[in-house]
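quick one: sequence and predicted model below, then my questions.
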Amino acid sequence: MAQYSPLFAAFVTLLLTFILMVSKAGKSIQDIPNERSLHDTPVPRIGGIGMMAGVFTGWAVMVRDLSWWVVVPALLLVLVSLLDDVKGLPVKQRLLAHLVAAAILVVGSGLWAQNALLALLIFFFAVWMTNLYNFMDGSDGLAGGMAFFGFTIFGFATLMHGDYVQAMMNFSVGAAAVGFLYYNFNPAKVFMGDAGSIGLGFLVAALGVLGWQKNVWPLWFPVLVFSPFIVDATVTLLKRGLRGAKVTEAHREHYYQRAIQMGVSHRDLALIEYGLMLAVGISAIVALGRPPEFVSAVFLVWTLIYAAIFLVIDRQWRQFQRRR
């Protein structure tokens with residue numbers, strides 16, 4: 001049955017998201033535009049519920065093979081984030097849930113007992129990824145598409161290694177993302193909401209750790225695969241922090257947001273990011289099993305590419321600001 005898990009994930013996501021969109025929940029749980037938004041009209045913010053329900057449905061057919069320290073904290077985050085989408089929760093309560101989920105990950109996986117320092121680093125990485133994905137969920141088709149490419153690359157890497165169950169776990173997340181994209185690609189009829197973005201961000205870290213523990217890939221692999229999101233969010237937040245701005249405050253300073261503000265369409269931005277994510281993913285697959293010098297060269301090349309992209313956008317943004 002495991003081979004059908006991606007189909008179940010996609011089908012449940014498609015069906016449930018449609019039901020939620022036309023229901024009372026879709027009309028009441030909406031993303032209302034404000035000065036920091038990239039959209040002009042209210043859009044239902046319930047797509048993440050359908051998507052994560054699809055993921056867990058796909059996983060249910062192989063429940064005996066799942067790692068509880070992946071599933072339990074993911075469920076916790078989806079439930080807490082759903083409450084936040086419905087009625088809004090204080091930042092401290094949301095952050096507490098993120099910290100608890102990351103703690104379950106490093107303790108339940110045995111990392112803390114094996115290497116406390118490494119466990120601490122992965123703990124902070126999990127918390128950062130959980131929030132980072134939420135920061136980057138701001139343009140039609142972007143976060144869902146990146147989930148499809150990233151988790152599908154995870155799936156191919158695990159399949160090449162011979163770990164069929166973990167491959168289906170990752171393919172199920174990618175398939176659910178495709179089901180969500182059917183409604184979210186520009187022009188978006190539904191948004192992911194925190195229930196989706198927070199859950200996906202945590203799964204990047206959790207499934208990344210699971211693959212590492214099973215010797216499918218080194219720890220650098222998930223970082224490289226999702227580097228388009230990681231680099232944009234990290235550089236943006238560092239720049240805001242260095243100039244004294246509140247890093248937790250909503251803003252429109254991410255590089256993808258500035259591209260949209262300068263006239264790049266949501267559709268074109270999504271397609272460009274998909275191409276970038278695919279190229280990074282392929283390079284990560286190629287680098288698996290290669291000598292450290294080869295891996296270092298791959299990271300250097302992508303560092304230079306990201307730096308060039310950011311420098312061009314920064315320059316164009318300054319010119320855009322002067323014209324305004």
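Alright, I've got the coordinates.

residue ranges with poor pLDDT in this protein?
Scanning the chain for pLDDT under 70 picks out 33-40, 247-248.

for the longest helix belonging to it, packing partners?
When the chain is parsed with DSSP state H, its longest helix is helix 292-323. Applying 3 or more CB pairs under 8 Å, 6 or more residues apart in numbering; DSSP states H and E, we find helix 292-323 packed against helix 220-225, helix 227-242, helix 255-261, helix 266-287. Every residue, glycine included, has its C-beta placed from N, CA and C.

comparing those, which comes out most buried?
By mean neighbour count, with neighbours taken as mean count of other CB atoms under 10 Å, helix 220-225 ranks first of the helices and strands packed on helix 292-323 at a mean of 23.

could you check how far stretch 159-170 is from the centre of its chain?
Distance, stretch centre to chain centre, for stretch 159-170: 20 Å (CA atoms, centre = their mean, to the nearest Å).

which parts of this protein are strands?
Per DSSP state E, the chain carries strands over the ranges 30-31, 43-44.

now the longest helix of the chain and helix 227-242, what's the angle there?
60 degrees (axes from the mean of the first three to the mean of the last three CA atoms, to 10 degrees).

residue 21: what's it in contact with?
Applying CB atoms under 8 Å, 6 or more residues apart in numbering, we find residue 21 in contact with 44, 46, 183, 189, 190.

how about a markdown table for the residues you listed, with neighbour count added?
Shown next, in a markdown table, are the contacts of residue 21 (neighbours: other CB atoms under 10 Å):
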| residue | neighbour count |
| --- | --- |
| 44 | 23 |
| 46 | 30 |
| 183 | 21 |
| 189 | 16 |
| 190 | 26 |
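
from these, which land in helices?
Using DSSP H, these in helices are residue 183.

relative to residue 296, how far out is residue 284?
Per CB to CB, to the nearest Å, residue 284 is found 13 Å from residue 296.

how many other residues sit next to residue 212?
18 (other CB atoms under 10 Å).

rewinding a little: what's the closest of the contacts of residue 21 to residue 114?
Taking CB to CB as the measure, residue 114 lies nearest residue 46 of these, at 39.5 Å.

for the closest one, give me phi and psi.
phi -130, psi 10 (degrees, to the nearest 10).

who's in contact with it?
Contacts of residue 46 (CB under 8 Å, 6+ apart): 17, 20, 21, 25, 26, 29, 85, 190, 193, 195.

measure the nearest residue to the fifth one once chain neighbours are set aside to residue 16 for me?
Excluding its sequence neighbours, the residue lying closest to residue 26 (CB to CB, 6 or more residues apart in numbering) is residue 44, at 4.1 Å. Counting by CB to CB, the separation of residue 44 from residue 16 is 13 Å.

same check, this time on residue 292
45 Å.

residue 262 reaches residue 317, doesn't it?
Yes: under the criterion of CB atoms under 8 Å, residue 262 makes contact with residue 317 at 6.8 Å.

who's more crowded, the two?
The neighbour count for residue 262 versus residue 317, taken as other CB under 10 Å, is higher for residue 317 (16 against 13).

now the more buried one, nearest residue through space, not along the chain?
That would be residue 258: by CB to CB, 6+ apart, it lies 5.2 Å from residue 317.

can you check residue 27 too?
In this structure, residue 27 finds its nearest non-sequential neighbour in residue 44, 7.3 Å apart by CB to CB, 6+ apart.

please name the bridge partners of that neighbour.
residue 30 (DSSP bridges).

just checking, it touches residue 20?
Yes: applying CB under 8 Å as the test, residue 44 and residue 20 come out as touching, 7.3 Å apart.

please enumerate the shared neighbours of the two.
Contacts common to residue 44 and residue 20, judged by CB under 8 Å, 6+ apart, are 26, 190.
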